[in-house]
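S.K.: starting from these lines, generate the structure:
(one chain, ligands or ions: 1)
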Amino acid sequence: MKNWKMETKAVQSGYVPGNGEARVLPLYQSTTFKYDDAQSVADLFDLKREGFFYSRLANPTVDAFERKIADMEGGVAAVALSSGQAANAMTLMNLAEAGDHVVAVSSLYGGTVSLFTNTLKKCGITFTFIAPDADEAAIRAAIQPNTKAVFAEVLANPALVVLDIERFAAAAHAFHIPLIVDNTFPTPYLCNPLAHGADFVTHSTTKYLDGHASSVGGIVVEKGGFDWAVSGRFAGFTEPDPSYHGLIYAKDFAAAPFSVKLRVQLVRDYGVPAAPFNAYLTNMGTETLALRMERHSSNALALAKFLVQHPNVGWVNYPGLEDSPEHAMQLKYMPKGASGVLCFGVKGGKAAGEVVMNALKLAAIVVHVADVRTCVLHPASMTHRQLSEAEQIAAGVSPDLIRVSVGIEHIDDIIADFDQALNKI
Ligand code: PLP
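M.R.: Numbering: from 1, shown residues only. Predicted coordinates for the structure are as follows:
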């Protein structure tokens, strides 16, 4: 399985039907599972055997989807969650608790910044934000004795900074702490962060993995092989868990301790699993991921080139453009394409930008990104609205920035729509 190319994994990994079984991953729309004897269920509760007993913890449809994404990312295991927000929240809460600290880049999705600076802060976890292009010395300088992780986005939403994954991994690993990256925008088709040194990958599967704007979901993938003992910082993995008869995750589940602990502690207690129907739909979406990401990327590059030469456009940010400051990093980490999101500002600033957004006919204004339909959004007044002005600037959100999620429609129709709208200014 591991030797398959990404296109094949996207179609074939995860669900392997037996003789006479359904060809397509079945939807197990069932909260619970039947057993013939009480001991079997007791053993499942004690984690003495693998199996399904209650869909808050695990479900066969969700399980197959998790196996596929783990395989596509090159990890040992994955846990699917109810949303991308849940994936990022649970990932950090699996590593850090009150009194702990996390280093994060400032160019994160607004909802993630809000999660960190409001909700996780209330849980006693503090954050230091650094620039996404911080050098190794600056990353190391932000790490404290109580730091439990470094967190970044591979392709920042919407600043579109491409993370130097190897540099961030080197700095984190110097302190034996993990690097977590949110790989939502590139997807495993365009970038495999685990191969570049990241330890955990998160996704809002709501975006390209589903690809059709049908299902909210999230997932976290574990690379495996992280040394939990060496730093002395991760007692939750190296000391007995009283809520599971004293088992030690790093020892008793050495192959994938992070995923087991996440599932049996946090998903169990907070109740944030992926819904089976959402996993079913998202799994179906992943089957065409390779084809879609190629088209999203080529359409976005063509639209970016069109916008660059339009007289009413002030600036364009797309890492796939040859003169983009991000182009070298894009070629290094995402050589197959720069994904489908670009940002631009029109001459005349925010007010003129609003005229353009309102005049678009094919591209809709929606609070979403990364599905087959082209759409636009104004982050300063929408996704990043909860952030202060300083946080917006640090996140790369200028007041005039329009984010475009370029769909897979014919590029001529997309360009014609932007052309007519820009000519309304
Ligand atoms: N991470 C990134 C990069 C995102 O863009 C988003 C949402 O836009 C999220 C996480 C949160 O995901 P969800 O909306 O599925 O909770």
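S.K.: list the contacts of the closest residue to the ligand within the stretch 151-300 of the chain.
M.R.: Going by C-beta to the nearest ligand atom, the ligand is nearest to Ser204 of the stretch 151-300 of the chain, at 3.0 Å. Every C-beta, even on glycine, is put in place using the N, C-alpha and C of the backbone. Residues counted as contacts of Ser204 (C-beta atoms under 8 Å, 6 or more residues apart in numbering) are Ser83, Gly84, Gln85, Ala87, Asp182, Thr184, Gly217, Gly218.
S.K.: cool, Asn283 as well?
M.R.: Taking C-beta under 8 Å, 6+ apart, we find Asn283 in contact with Gly14, Tyr15, Leu25, Thr61, Ala64, Phe65, Lys68.
S.K.: hmm, 7 Å instead?
M.R.: Contacts here follow C-beta atoms under 7 Å, 6 or more residues apart in numbering; on that basis Asn283 touches Gly14, Leu25, Ala64, Phe65, Lys68.
S.K.: before we move on, back to that, save the contacts of Ser204 as a markdown table, and put in neighbour count and secondary structure too.
M.R.: Shown next, in a markdown table, are these (neighbours: other C-beta atoms under 10 Å; DSSP: H, G, I helix; E, B strand; the rest coil):
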| residue | neighbour count | secondary structure |
| --- | --- | --- |
| Ser83 | 19 | coil |
| Gly84 | 24 | helix |
| Gln85 | 20 | helix |
| Ala87 | 30 | helix |
| Asp182 | 30 | strand |
| Thr184 | 28 | coil |
| Gly217 | 28 | coil |
| Gly218 | 28 | strand |
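S.K.: against the ligand, which of those residues make the cut? List them.
M.R.: Contacts with the ligand within these, counted by C-beta under 6 Å from any ligand atom: Ser83, Gly84, Gln85, Asp182, Thr184, Gly218.
S.K.: quick check: the farthest pair among those residues?
M.R.: The largest separation in the ones next to the ligand among the contacts of Ser204, counting by C-beta to C-beta, is between Ser83 and Asp182 at 12.7 Å.
S.K.: re earlier: could the ones next to the ligand among the contacts of Ser204 go into a markdown table alongside distance to Ala255 and pLDDT?
M.R.: As requested, the ones next to the ligand among the contacts of Ser204 are exported to a markdown table (distance: C-beta to C-beta, whole Å; pLDDT from 0 to 100):
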| residue | distance to Ala255 | pLDDT |
| --- | --- | --- |
| Ser83 | 27 | 98 |
| Gly84 | 26 | 98 |
| Gln85 | 28 | 98 |
| Asp182 | 24 | 98 |
| Thr184 | 26 | 98 |
| Gly218 | 22 | 98 |
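S.K.: just the CA atoms of the longest helix along the chain, as PDB, please.
M.R.: For the chain, the helix that runs over the most residues, judged by DSSP state H, is helix 289-308. Taking C-alpha atoms only, helix 289-308 is exported to PDB below (Å, rounded to 0.1, in the frame of the first residue of the first chain):
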ATOM      1  CA  LEU A 289      -8.400  15.000  -5.000                       C
ATOM      2  CA  ALA A 290      -5.500  14.600  -7.500                       C
ATOM      3  CA  LEU A 291      -7.600  15.700 -10.500                       C
ATOM      4  CA  ARG A 292      -9.100  18.600  -8.600                       C
ATOM      5  CA  MET A 293      -5.900  20.000  -7.100                       C
ATOM      6  CA  GLU A 294      -4.300  20.000 -10.600                       C
ATOM      7  CA  ARG A 295      -7.200  22.000 -12.000                       C
ATOM      8  CA  HIS A 296      -7.500  24.300  -9.000                       C
ATOM      9  CA  SER A 297      -3.800  25.100  -9.200                       C
ATOM     10  CA  SER A 298      -3.700  25.600 -13.000                       C
ATOM     11  CA  ASN A 299      -6.800  27.800 -12.900                       C
ATOM     12  CA  ALA A 300      -5.500  29.800 -10.000                       C
ATOM     13  CA  LEU A 301      -2.200  30.400 -11.800                       C
ATOM     14  CA  ALA A 302      -4.000  31.500 -15.000                       C
ATOM     15  CA  LEU A 303      -6.300  33.900 -13.000                       C
ATOM     16  CA  ALA A 304      -3.300  35.300 -11.100                       C
ATOM     17  CA  LYS A 305      -1.600  36.000 -14.400                       C
ATOM     18  CA  PHE A 306      -4.700  37.700 -15.800                       C
ATOM     19  CA  LEU A 307      -5.100  39.900 -12.600                       C
ATOM     20  CA  VAL A 308      -1.400  41.000 -12.600                       C
END
